[in-house]
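**Q** after the sequence you'll find the predicted model.
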Amino acid sequence: MAVSGKRISREERRVAIERQLLEGAERLMADGASFTELSVERLAKEAGISRATFYIYFEDKGHLLRQLTGQAFADFTAAANNWWTVVDRHDPADTESSVRGIIAAFRDHQHLMNAVGEMASYTPGVADTLRSLMGSVITEVEGVIEAGKAAGIVRGDLPAHATATALSWMVERTCSQVIPGGDPQYDEDLARAMTEIVWSTLYLTPLET
């Protein structure tokens, strides 16, 4: 396979196929199918690939779900970078932009994250993937807290790892419980509330309203 005359690598091909499968699986689940009932054949057809191609890149549906979860978290962390990468500006608009982006990405991936939540309860590999991805998020937030403490803009008495853990899981669990099936108009209130919680927890100056 080539793009603009340039041959792409196996890894680039795998990432492209993962994205096709992610979009295809989410379309099918949005139409009412559960991930557990979707066959490899149906997933492959929806993604525009063959069953044989599917098995070149994935061992089974469980492996696929773990990889798709990583794709979704890449979108979550891309939104979070709106805050993480400019934390030194100490601007609540950056925090709010990040929270809004995470909520929007979670709404886009709500069917996939529903499947992850369901399968994590009885599939160790999926649960391990979720914990690992959340661990990476927690590490990033911990770094933000430590940088803010060093700069004198984040409360110095905060235990960085515990605070990062609590805030990260608060955002993930709130989105998991509220967004699926919820009214998109509620996202505005949700973003404001979570921004207030994050800012008030971390920073020495209050969030202006």
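**A** That came in fine, so what should we check first?
**Q** all strands for this protein, in order.
**A** Here the chain has its strands, by DSSP state E, at 2-3, 6-7.
**Q** those: lowest mean pLDDT?
**A** If you rank these by mean pLDDT, strand 2-3 sits at the bottom with a mean of 46.
**Q** give me the low-pLDDT residue ranges for this protein?
**A** Counting by pLDDT under 70, the ranges of the chain that qualify are 1-6, 208-209.
**Q** swap the cut-off to 50 and go again
**A** 1-4 (pLDDT under 50).
**Q** with adjacent residues omitted, what lies nearest to the residue most central in space within it?
**A** Nearest to the mean C-alpha position of the chain, by CA atoms, centre = their mean, lies Phe73 at 2.9 Å. Among residues not flanking Phe73 along the chain, Leu133 sits closest, at 4.5 Å (CB to CB, 6 or more residues apart in numbering). The way it works is simple: take the backbone N, C-alpha and C, and place the C-beta from them, glycine included.
**Q** how far away is that neighbour from Glu140?
**A** 11 Å (CB to CB, to the nearest Å).
**Q** compare the two (neighbour count), which wins?
**A** Leu133 (20 against 17; other CB atoms under 10 Å).
**Q** in the lengthiest helix in the chain, what counts as buried?
**A** Secondary structure of the chain per DSSP state H: the longest helix is helix 124-151. Under the neighbour-count criterion of 16 or more other CB atoms under 10 Å, helix 124-151 has 126, 129-130, 133, 137-138, 140-142, 144-145, 148-149 buried.
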